[in-house]
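A predicted structure for the sequence below; I have some questions about it.
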Amino acid sequence: MPERLISRVLLASLLVASAALRPATPLAAQSVGKVLTPPKKADSARPPATAPSTAPNPTSPGAGVPQGAVLDSVREAVFRNLLERDRAGLATLASAFCLALANSDFKSAGSVADRVDASESMVRRVATSRAPARRASGCTFSGNTPNRGVPGRALLYTVGAITIDDARAEAAAAYNYDGYSAGGYTFTLERADSGWVVRQWRMEWTGRP
């Protein structure tokens with residue numbers, strides 16, 4: 001074997017032996033450090049998140065108005081009297097008869113914040129061919145628009161606060177002819193074998209709302 005080839009073989013052997021004797025590099029030293037990116041700043045242009053509104057729908061059934069079978073029977077008797085007797089005197093002009101419930105005593109004019117729909121079943125029971133009633137939320141009110149003719153407005157009937165004493169009841173009610181005319185009533189009812197019957201009613205006020 002030539003001398004130069006022998007020298008190369010010996011050199012390669014020495015390098016292999018040296019590598020085997022060298023201490024292993026710690027694992028931690030071999031790993032590459034992670035680069036931590038700081039969180040992005042909040043976008044100041046984006047509006048803050050807000051909690052969903054829990055305000056009740058003003059025409060949703062039962063929102064703040066007492067419910068019950070006895071109360072509903074009184075309300076039904078009052079609605080029948082209002083529709084059949086045309087207490088507002090506007091039935092022949094109304095384009096729709098709309099029924100609602102409230103807590104107000106209707107002793108004087110004013111806004112009603114707690115007005116809600118009468119139930120669909122009650123509306124069906126009191127509706128007639130002469131007064132095809134519907135729930136208040138199904139009616140369109142435009143208000144007292146200047147220079148608008150009187151006929152064709154929606155007539156809203158609302159039964160308000162009710163007090164019951166044994167076989168006698170008193171119920172407040174009101175009408176609103178789409179902002180053109182409005183009024184408040186107090187009805188006195190008595191319990192009979194057939195149910196509640198209106199014995200008396202009086203107008204508390206009338207005029208423009």
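Right, received. Where do you want to start?

beta partners of L101?
According to DSSP bridges, V116, V159 are recorded as the beta-bridge partners of L101.

repeat for T188
Using DSSP bridges, the bridge partners assigned to T188 are E170, Q200.

what about it, neighbour count?
A count of nearby residues for T188, using other C-beta atoms under 10 Å, gives 13. (Glycine included, C-beta is placed from N, CA and C.)

in the protein, what spans have low per-residue confidence?
Within the chain, the set of residues satisfying pLDDT under 70 comprises 1-63, 143-150, 209.

ranges for the strands of it?
Using DSSP state E, the strands found in the chain span residues 96-101, 116-117, 133-135, 154-165, 168-177, 182-192, 195-207.

any chance of those strands in a markdown table, with distance to F79 too?
Output for those, formatted as a markdown table (distance: least, C-beta to C-beta, whole Å):
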| stretch | distance to F79 |
| --- | --- |
| strand 96-101 | 6 |
| strand 116-117 | 13 |
| strand 133-135 | 8 |
| strand 154-165 | 6 |
| strand 168-177 | 8 |
| strand 182-192 | 10 |
| strand 195-207 | 10 |
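
Of all these, which one comes closest to L71?
Ranking those by proximity to L71 (C-beta to C-beta) places strand 154-165 first, at 5.6 Å.
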